[in-house]
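> everything below, folded, please.
(one chain, ligands or ions: 1)
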Amino acid sequence: MPTATHNNDVWSFLPQPLSEYDVSEVSAFIPPEPPLTKLSDPYYSPWEDLAYNSSIQDPNFSFRDGIRKLPLLSLDRLTSYKEFQRAYSLLAYFSNKYVWGVHEQPEDELPTCIAVPFCKVSEYLGINPIHTNSAIVLWNWKLLNPELGIDLDNLDTLYSFTRTSDETWFCLVSLLIEYAGGDLIKYSGLANHAALNNDLPGVISALGGITATMKKFSKLMFKMPEKCSTHVFYWSIRPNLAGWESIESSGLKGGVTYLGVDTEPGSNAQYESVSRDGKVYRKYSGASAAQSSIIQFIDIALGIKHYATQEEFAQGISKYNSSSNQSQKYIQPPGNPYLLKMRDYMTMKHRQFLLDFEKACIIRKYVFLNTQDVSRPSGDAFSELLSYREDISDSIKPTGSFSTKEQLELLDAYNRSISSLKSFRDAHFSVIKNYIFGYDTDKPRDKSSNSDKKSTQMPLDQKEDSGSENATKKPTDSGYGSEDSAETKENALGTGGTDALSFLGQLKNETKATRLGS
Ligand code: HEM
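Numbers count the residues shown, from 1 in each chain. Got it, this is the predicted structure:
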């Protein structure tokens, strides 16, 4: 597998080297070396053993009892950042599995023995203490043959809720997209570096690299339905990804309390919460690839702005201007409140990378200022141009420096890269529509999926095949998408809790609207 290399000279516009942000030009936000499969100190064997026991098919094993019997462990014996990632993944998996259970009513109290270390490990990583895209995708894989690279044939997941090959496919296709993002990091770095050095051919060539990579993303997205059935996704995988907010229909009244952590209700809480019976119930979104940093990164690189949806805007007064300090910060325009909120479900290092890159990125500004003869901006685009003109840095040549032909080439390269991102959003939209609307509304099929692959995995990674009792939950098992749920096919919610179609439709339109001169 290639090791992480990056050109620090290219990235000198950032205050820190890429590695400090846990980002690489090879594998983007995925660690370039595979995640740990086990914590090294035997002190943590109660966690590793529970993960292992939950993965074997012992009908007498009760996961919730196993959790309640865990000792309260300290984090003092974790020795590296990778160990914190492993500890986070274990505890995230435990928490979702504990709250949602299997054929049980949801639990709204996380026991102290997992709540306390989970909050501490999450605080260290700077990520919300709930199951996220980082746990499911970034840190949940291993190479079957360590001599070979990252490829669908050479990968497996470390853990799985349903132990179906559908879930494995879902995680691994997502992983491959994230991994392909290494090239997006590389070409965006090159494009910005070239723009800062007024190297027009360099900008054009790097934008071409971005376009080619986004096309790869779309191709990979279309692989999702090959081995992840809409039925298994909807009825089995999706309920396990649910979070603790906007999900009252599941039987979870509103939030989960983290015993031993939230001792008293506080108005300065760093999370959305409600108080009931003297306890604080935290509200966290469910896991969603909207928590992936790579698409937020490319939005920033290309200068695409997203705004509050009509629904968010309407709710804004009550929800975002409520007494919660936490909610205030997402309403700052421009920025879609939900996407901004999703940054709290990324690690602090990844979030900081987005923030620092955003401050330093001038790609759109460079294109704008150097193509105005051919793009002829008007309306909003003209106002944007004026704001750039007032702020021309020495490194950006004034208008008129480049021939019409050069300007057209630059404009074309930029618009193609925008279109390639729009095409990815189109691909995502058409694929996911089937997952959230195209499922079979009849009773879930019994004990079957398209999976026949047996697990080859180690602790926290042993999977039942699809005939297992929890391969296909009944609708009422978690209530997420249950028969009496308020959710209908017309307003299906994503696992992150959005009104998926209108939200994703808006993002597609905003992407398209970013094209210049057309
Ligand atoms: C079966 C597979 C998938 C389904 C059903 C799905 C569904 C959704 C839904 C419903 C949303 C809206 C937010 C929410 O409420 O969760 C969303 C957002 C998003 N998804 Fe997916 N998704 C899938 C796979 C992927 C993959 C593989 C990626 C690759 C990175 C991805 C990237 C995103 C991004 C970046 C967003 C935020 C919106 C945007 O920036 O365009 N999704 N997805």
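> what secondary structure does the residue nearest to Val26 when sequence neighbours are not counted sit in?
Once flanking residues are discounted, Val26 sits nearest to Gly182: 4.6 Å by Cβ to Cβ, 6 or more residues apart in numbering. For the C-beta atoms, the positions are set from N, CA and C on the backbone; glycine is no exception. Under DSSP: H, G, I helix; E, B strand; the rest coil, Gly182 falls in the helix class.
> count of residues packed around Gly182?
Gly182 has 24 neighbours, counted by other Cβ atoms under 10 Å.
> next one: Phe94
When counting by other Cβ under 10 Å, one arrives at 26 neighbours for Phe94.
> quick one, what contacts it?
Contacts for Phe94 (Cβ atoms under 8 Å, 6 or more residues apart in numbering) come out as 47, 50-51, 67, 114, 118.
> rerun at 10 Å
47, 50-51, 54, 63, 66-67, 70, 110-111, 113-114, 117-118, 131, 460 (Cβ atoms under 10 Å, 6 or more residues apart in numbering).
> what helix or strand is it located in?
helix 81-100 (DSSP states H and E).
> mean confidence for that helix?
On average, the pLDDT along helix 81-100 is 97.
> what's downstream of that helix, the next helix or strand?
strand 109-110.
> give me the helices and strands touching that next one, please.
Under the contact criterion of 3 or more Cβ pairs under 10 Å, 6 or more residues apart in numbering; DSSP states H and E, strand 109-110 touches helix 81-100, helix 112-125, strand 257-258, strand 279-282.
> for the first one, buried residues please.
Spelled out, that is helix 81-100. Buried residues in helix 81-100, counted by 16 or more other Cβ atoms under 10 Å: 82-100.
> I'd say Trp11 and Leu196 touch.
No. Counting by Cβ atoms under 10 Å, Leu196 is not a contact partner of Trp11; they are 11.2 Å apart.
> shared neighbours of these two, anything?
Ala360.
> ok, which residues in the stretch 251-400 of the chain are in contact with the ligand?
Counting by Cβ under 6 Å from any ligand atom, the residues of the stretch 251-400 of the chain lying close to the ligand are 288-290, 292, 295.
> kindly reformat those as TSV containing secondary structure.
Below are these laid out as TSV (three-state DSSP):
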residue	secondary structure
Ser288	coil
Ala289	helix
Ala290	helix
Ser292	coil
Ile295	helix
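> from the contact counts, what lies against the helix or strand hosting Phe368?
Using DSSP H and E, Phe368 maps to helix 363-369. If contacts are counted by 3+ Cβ pairs under 10 Å, 6+ apart, helix 363-369 sits against helix 165-196, helix 200-221, helix 293-302, helix 379-389, helix 404-436.
> so how far is it off the chain centroid?
Distance, stretch centre to chain centre, for helix 363-369: 28 Å (Cα atoms, centre = their mean, to the nearest Å).
> may I have the following helix or strand past that helix exported as CSV, CA atoms only?
Moving toward the C-terminus from helix 363-369, the next helix or strand (DSSP H and E) is helix 372-375. Output of helix 372-375 as CSV, limited to C-alpha atoms (Å, rounded to 0.1, in the frame of the first residue of the first chain):
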residue,chain,number,x,y,z
GLN,A,372,-14.2,38.4,-16.6
ASP,A,373,-13.8,39.4,-20.3
VAL,A,374,-15.3,36.1,-21.3
SER,A,375,-17.7,35.3,-18.4
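> from the contacts of Phe94, which has minimum pLDDT?
Comparing those by pLDDT, Leu460 comes last, at 40.
> picking that back up, where among the helices and strands packed on helix 363-369 is the average confidence lowest?
helix 379-389 (a mean of 82).
> how about Gln296: what's its closest non-neighbour residue?
Leu354 (5.8 Å).
> nothing else from me, thank you.
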